[in-house]
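structure for this input, please:
(one chain, ligands or ions: 1)
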Amino acid sequence: MTEKPDISAYRESAAYIRTAMDQAGFCGKPALAVILGSGLGSFAESEQVRRKTEIPYRDIPGFPTSTVSYQKGVLSVGDVDGKTVLFFNGRFHYYEGWEMWQTAYPIAVCHLLGVETMILTNAAGGICPERVKPGDIVCVTDHIKLCAESPVRGKNLPELGERFFDMQSVYNKGLIRTAHRLAQNLGFDVGEGVYAYMAGPQFETPAEIRMLRAVGADLVGMSTVAEVIEAAHCGMRVLCLSCVSNLAAGVTGEPMTEREVLETGKAIAGRFSALMGALIREI
Ligand code: HPA
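Numbers count the residues shown, from 1 in each chain. Take a look at the predicted model:
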């Protein structure tokens with residue numbers, strides 16, 4: 001078990017990123033930060049992001065390094081219509097062996113860099129086909145975490161936030177409204193749903209999915225929730241967009257594969273990029 005460090009480690013990571021930003025001519029606080037989930041990394045490479053500078057995670061002191069093969073493990077700093085945005089291309093999952101606090105580490109570092117708004121994205125399985133279908137982009141309105149582990153367990157770092165904190169408004173309603181409006185302007189709808197966190201890496205059993213449906217979940221995935229908890233701890237606003245890559249276990253009886261997750265990501269990429277660009281310009 002890797003012990004949670006004190007605030008100086010987080011500060012060192014933030015200072016390294018700040019220096020790299022200064023050297024690349026990015027002055028001032030980042031307007032927002034985006035975590036790009038499985039199969040969704042290409043936005044940071046698109047034309048919409050200008051004057052990009054890339055900081056490999058392995059160069060940032062104290063930063064975990066991505067072990068998921070198709071995630072780049074790079075922080076891209078770029079300019080979208082005059083706004084400085086941090087794009088985390090690759091995230092840390094509990095199933096890789098990271099401690100839960102490590103999976104949320106980039107969020108705390110963003111807070112120290114002055115970021116107040118985060119867009120978190122992921123691929124997720126759809127539990128309720130009446131509400132969410134593969135290919136849909138869904139705004140997460142709330143979450144369910146059934147495992148006891150938490151990124152803020154253990155010693156509290158008061159520089160980040162309070163010991164006990166509210167979780168009722170972290171999925172920001174105003175940002176969700178904005179996502180609906182911007183998607184409609186682009187000619188499609190986004191859904192809304194509750195995301196259930198499962199630790200993975202195995203996909204769920206049909207019985208687990210039936211349980212999740214019974215307790216009110218619409219989506220299931222293996223990421224994001226620890227990041228949202230740290231964001232709430234730090235007092236940030238979050239917009240979480242799930243790209244529904246498949247119907248969850250037992251819904252269709254088909255076998256589940258990682259390839260399906262990545263391929264649906266590619267099919268969604270056009271709509272996802274258009275929405276992401278519009279969101280960054282507006283919020
Ligand atoms: N279950 C868990 N995680 C996922 C799924 C799923 O069905 N699809 C994409 N990520």
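
every contact and neighbour count from this point should use C-alpha atoms.
Noted.

what is the mean pLDDT for stretch 3-12?
Averaging pLDDT along stretch 3-12 gives 94.

ends of stretch 90-103, how far apart?
11 Å (Cα to Cα, to the nearest Å).

so which residues on the stretch 1-150 of the chain come close to the ligand?
Contact residues, the stretch 1-150 of the chain versus the ligand (Cα under 6 Å from any ligand atom): 123-125.

look at the residue of the chain most remote from its centre and tell me its secondary structure.
Most distant residue from the mean C-alpha position of the chain: residue 253, 28.4 Å away (Cα atoms, centre = their mean). Look at residue 253: counting by DSSP: H, G, I helix; E, B strand; the rest coil, its state is coil.

hang on, the earlier thing: could you dump the residues of the stretch 1-150 of the chain next to the ligand into CSV and include secondary structure and neighbour count?
Output for these, formatted as CSV (DSSP: H, G, I helix; E, B strand; the rest coil; neighbours: other Cα atoms under 10 Å):
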residue, secondary structure, neighbour count
123, strand, 27
124, strand, 29
125, strand, 28
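
columns distance to residue 98 and pLDDT on top of these, output as TSV?
What follows is those, written out as TSV (distance: Cα to Cα, whole Å; pLDDT from 0 to 100):
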residue	distance to residue 98	pLDDT
123	19	90
124	20	94
125	22	94
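
can you redo the residues you listed as TSV with distance to residue 92?
Conversion of those to TSV gives the following (distance: Cα to Cα, whole Å):
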residue	distance to residue 92
123	14
124	16
125	19
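
tell me the one of the residues you listed nearest residue 281?
For those, the minimum distance to residue 281 (Cα to Cα) is 23.1 Å, reached by residue 123.

do a quick rundown of the strands in the stretch 101-250 of the chain.
117-126, 137-145, 191-197, 219-221, 237-247 (DSSP state E, counting those that start in this stretch).

so for residue 8, which of these sits nearest?
strand 117-126 (22.6 Å).

now do that closest one against strand 191-197, angle only.
For strand 117-126 against strand 191-197, the angle by axes from the mean of the first three to the mean of the last three Cα atoms, to 10 degrees is 80 degrees.

name the surrounding residues that touch strand 117-126.
With contact meaning Cα atoms under 8 Å, 6 or more residues apart in numbering, strand 117-126 is reached by 31-40, 132-134, 218-224, 231, 236-248, 261, 265.

can you check the pLDDT for residue 266?
75.

phi first, then psi, for it.
Torsion angles at residue 266 (phi, psi; degrees, to the nearest 10) stand at phi -70, psi -40.

state the distance from it to residue 126.
17 Å.

same question for residue 77.
Residue 77 is 32 Å from residue 126, by Cα to Cα.

give me the more crowded residue out of these two.
Using other Cα atoms under 10 Å as the criterion, residue 77 and residue 126 rank with residue 126 on top: 31 against 26.

what's across from the more buried one in the sheet?
residue 219, residue 247 (DSSP bridges).

who does the residue nearest to residue 37 when sequence neighbours are not counted form a beta bridge with?
Of all residues not flanking residue 37 in the chain, residue 122 sits nearest, at 4.2 Å (Cα to Cα, 6 or more residues apart in numbering). Using DSSP bridges, the beta-bridge partners of residue 122 come out as residue 242.

number of nearby residues for residue 122?
23.

then residue 191?
If we define neighbours as other Cα under 10 Å, then residue 191 has 18 of them.
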